[in-house]
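Q: give the three-dimensional model of this entry:
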Amino acid sequence: MTKKDYVPANDLELIEWGGNAYLYAQGNSERWGVIPPNSEILSRFEDYKAAVERCRMPTRSKVDTLVKNDLKTAVVKDLRSYIQGYVARNPLVTNQDREMMGLSIRDTIPTAVEAPTVRAMGKVVYKGAGLIELLVMPEGDISESARAYYGNKIVYEVMDMEAAAPQSIRDLNESRFTRRKKEKFVFQPEDSGKRIYFSIRYENSKGDAGPWCPIFSAVIP
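A: Next up, the predicted model:
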């Protein structure tokens, strides 16, 4: 489904919507824990309003239109930057706030995500001294819609070359969780030449976990 752009294209509608959004943000930014719209973007918005008024006059010129269009581009960028940076993903911004600002209402009903059944597998890519990139991929078929909601639980352990290899997942004492398909591991110089052991599994947002992959290893460059 195509999302409707929340920024109006029409000049007069943009002025009404943008002015309301800025005014509401000024009154509520402290509650949201963010900075209010600054004087620079508010001044540019006022310049845009004046330019629109000039362009509505019968005496408008091509230069007036060009100036208005340039200001509109800047104003739209300002509005998007403020909303995306301080409002859109801010958990303190309520759906009532969003409605008052003319933004889409957040869907608070969680999407049902099936428990992972496919094993996650890892491929080690050497990126340079002390740097390994772990590529995470499914062993079998998995829908893109389901994969988008899965995270990767990675357990690992750095061991001396002469140490006995771990025999179970419980022997891997370090862990991290990521949604990235490419996860970087950065090591200290003294780890060079040691061996790192990994295992990975998929987990969904409810904590349902798929099977661990077999333990695999790489030598730290």
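
Q: and the closest residue in space to residue 185 that isn't next to it in sequence, what does it touch?
A: Computed as C-beta to C-beta, 6 or more residues apart in numbering, the closest residue to residue 185 that is not its neighbour in sequence is residue 132, at 4.6 Å. Every residue, glycine included, has its C-beta placed from N, CA and C. By C-beta atoms under 8 Å, 6 or more residues apart in numbering, the residues touching residue 132 are 124, 125, 126, 184, 185, 187, 196, 218, 220, 221.

Q: I'd like to know which of the residues you listed is nearest to residue 74.
A: residue 184 (36.5 Å; C-beta to C-beta).

Q: can you find the helix or strand of the chain with the lowest average pLDDT?
A: Here the helix or strand of the chain ranked lowest by mean pLDDT, DSSP states H and E is helix 144-147, holding a mean of 66.

Q: now the element after that helix, going C-ward?
A: strand 151-159 (DSSP states H and E).

Q: report all helices and strands that the very next helix or strand once past that next one contacts.
A: Downstream of strand 151-159, the first helix or strand assigned by DSSP H and E is strand 174-178. Other helices and strands packing on strand 174-178, by 3 or more C-beta pairs under 8 Å, 6 or more residues apart in numbering; DSSP states H and E, are strand 151-159.

Q: so what does the strand it packs on touch, helix or strand wise?
A: strand 131-138, strand 174-178, strand 182-186, strand 195-203.

Q: who touches that strand?
A: 120, 122, 134, 136, 165-166, 169, 171-181, 183, 185, 187, 191, 194-205, 209, 220.

Q: give me the low-pLDDT residue ranges for this protein?
A: 1-4, 106-113, 143-147 (pLDDT under 70).

Q: what segments of it are helices?
A: Under the criterion DSSP state H, helices of the chain are mapped to 11-32, 39-55, 62-82, 95-100, 144-147.

Q: in JSON lines, list these along with distance to residue 158 and mean neighbour count.
A: Below are the helices of the chain laid out as JSON lines (distance: least, C-beta to C-beta, whole Å; neighbours: other C-beta atoms under 10 Å):
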{"stretch": "helix 11-32", "distance to residue 158": "42", "mean neighbour count": "16"}
{"stretch": "helix 39-55", "distance to residue 158": "48", "mean neighbour count": "16"}
{"stretch": "helix 62-82", "distance to residue 158": "42", "mean neighbour count": "15"}
{"stretch": "helix 95-100", "distance to residue 158": "46", "mean neighbour count": "14"}
{"stretch": "helix 144-147", "distance to residue 158": "29", "mean neighbour count": "12"}
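
Q: could you dump these to TSV with distance to residue 214?
A: Output for the helices of the chain, formatted as TSV (distance: least, C-beta to C-beta, whole Å):
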stretch	distance to residue 214
helix 11-32	47
helix 39-55	54
helix 62-82	46
helix 95-100	46
helix 144-147	21
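
Q: residue contacts, residue 220?
A: 130, 132, 158, 187, 191, 192, 193, 194, 195, 196.

Q: run the last query once more with 7 Å
A: Contact analysis of residue 220 by C-beta atoms under 7 Å, 6 or more residues apart in numbering lists 132, 187, 191, 192, 193, 194, 196.

Q: how close does it sit to residue 163?
A: 13 Å (C-beta to C-beta, to the nearest Å).

Q: looks like residue 105 contacts residue 97 (just checking).
A: No - between residue 105 and residue 97 there is no contact under C-beta atoms under 7 Å: 10.2 Å.

Q: tell me the domain ranges of the chain?
A: The chain breaks down into these domains under automatic domain parsing: 11-100, 120-219.
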